[in-house]
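>>> sequence and predicted model, in that order:
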Amino acid sequence: MRVRLDISALCQEKWCPYAIRFLFGGFVTAAAGLVAQHYGPVIGGFLLAFPAIFPASATLIEKHEMQRKQEKGMAGAARGRQAASVDAAGSAMGSVGLVLFATIVWRLLPNRRTWAVLGGATVTWAVASALVWQIRSRFRITRIIKQLRQKP
Amino acid sequence: MIQVIIRFLVGGTVVSAFALMGDVLNPKSFSGLFGAAPSVALATLSLTVATEGPCYAATEARSMIAGATAFFIFASLVSRILMRYQVKALWVTLGAMPLWFAVAVGLWIVALR
């Protein structure tokens, strides 16, 4: 499966979804700082992997897919849920990279330059997530081919 | 108060930047990776290092391991429920939030404390 870049998706969006994600992201970052201040870095650290914009993103994806199908005269509710489900599966794969990101920062930040550690950890997140996605995609394709061959 | 505003603006900007990257990429499963981008972590950790020092930020990152593992379980469960049952995405994601919290705290107690 190939990854494609589609800039036109940005033009289709209204400003509202971006504003919602900006507000949620800003709110959680500010909350993480306040929680760490009051309850210490151990409790504050949990919020760094909080699925902050997840409900908003999933709802938007579901709505978009549903609208697309409705424009073609179909109900679209099931397709909307499927699209949100696929997006959530992608996030699960991305969270594998997130664990690596956190581990690298935890182990290296006290002894190395901050920008190098955060930059390296971000690159590790991207590479690890893409790798997990690639492996899963190939596994799925192989499984589908096997199923097709087994059919009489 | 100024620090909270700075955190809000930096956090909102970084989260939006990763969300934009996710929007322009296809297929959906790949753009979903950006739902688990370290956006809040990048904004928070860089500001925390500047104000509290790297050891404080490293302690936060240690707890983040539990949070990220909980995120994996949370996202996997949400994906399965949405694929199998006729429930709205908003209710599933909000309903699974307590699970994220329970798993994160549980993992920290069992493995990281």
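Received, thanks.
>>> contacts, neighbours, all on C-alpha from now
OK.
>>> give me the contacts around stretch B:70-87.
A:49-51, A:78, A:81-82, A:84-89, A:91-93, A:95-96, B:36, B:88-89, B:92-93, B:96-97, B:99-101, B:103-104 (C-alpha atoms under 8 Å, 6 or more residues apart in numbering or on different chains).
>>> kindly recompute the last result at 6 Å.
Stretch B:70-87 is contacted from outside by A:81, A:82, A:85, A:88, A:89, A:92, A:95, B:100, B:103, B:104, using C-alpha atoms under 6 Å, 6 or more residues apart in numbering or on different chains.
>>> the strand or helix carrying the fourth one: how far from the chain's middle?
Read it as residue A:88. Assigned by DSSP states H and E, residue A:88 falls within helix A:77-108. Centroid separation for helix A:77-108 versus its chain: 5 Å, with C-alpha atoms, centre = their mean, to the nearest Å.
>>> report the inter-axis angle for the next helix-or-strand element following it versus helix A:77-108.
Where DSSP H and E defines the elements, the next helix or strand beyond helix A:77-108 is helix A:114-150. Going by axes from the mean of the first three to the mean of the last three C-alpha atoms, to 10 degrees, helix A:114-150 is angled at 140 degrees with respect to helix A:77-108.
>>> coming back round to it: let's have the contacts of stretch B:70-87 in CSV, adding pLDDT.
Shown next, in CSV, are the contacts of stretch B:70-87 (pLDDT from 0 to 100):
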residue, pLDDT
A:81, 89
A:82, 89
A:85, 91
A:88, 92
A:89, 91
A:92, 93
A:95, 94
B:100, 94
B:103, 94
B:104, 92
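>>> just the buried ones from these, in ChimeraX syntax?
Buried residues among these (16 or more other C-alpha atoms under 10 Å in any protein chain shown), as a ChimeraX selection:
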select /A:81,82,85,88,89,92,95 /B:100,103,104
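>>> list just the nearest of the contacts of stretch B:70-87 to residue A:22.
residue A:88 (19.8 Å; C-alpha to C-alpha).
>>> what about residue A:118, distance to residue B:57?
According to C-alpha to C-alpha, to the nearest Å, residue A:118 and residue B:57 sit 11 Å apart.
>>> between those two, which is the more surrounded one?
residue B:57 (27 against 22; other C-alpha atoms under 10 Å in any protein chain shown).
>>> relative to helix A:114-150, how tilted is the helix or strand where the more buried one lies?
Assigned by DSSP H and E, residue B:57 belongs to helix B:54-84. Between the axes of helix B:54-84 and helix A:114-150, defined by the same axes, to 10 degrees, the angle is 20 degrees.
>>> tell me where chain B has strands.
Ranges of strands within chain B are B:25-26, based on DSSP state E.
>>> OK, contacts around the spatially most central residue of chain A?
Residue closest to the mean C-alpha point of chain A, counted by C-alpha atoms, centre = their mean, is residue A:91 at 3.8 Å. For residue A:91, the contacting residues are B:32, B:33, B:35, B:36, by C-alpha under 6 Å, 6+ apart.
>>> the same query, at a cut-off of 10 Å, please.
A:51, A:54, A:85, A:97-98, A:129, A:133, B:29-37, B:71-72, B:74-76, B:79 (C-alpha atoms under 10 Å, 6 or more residues apart in numbering or on different chains).
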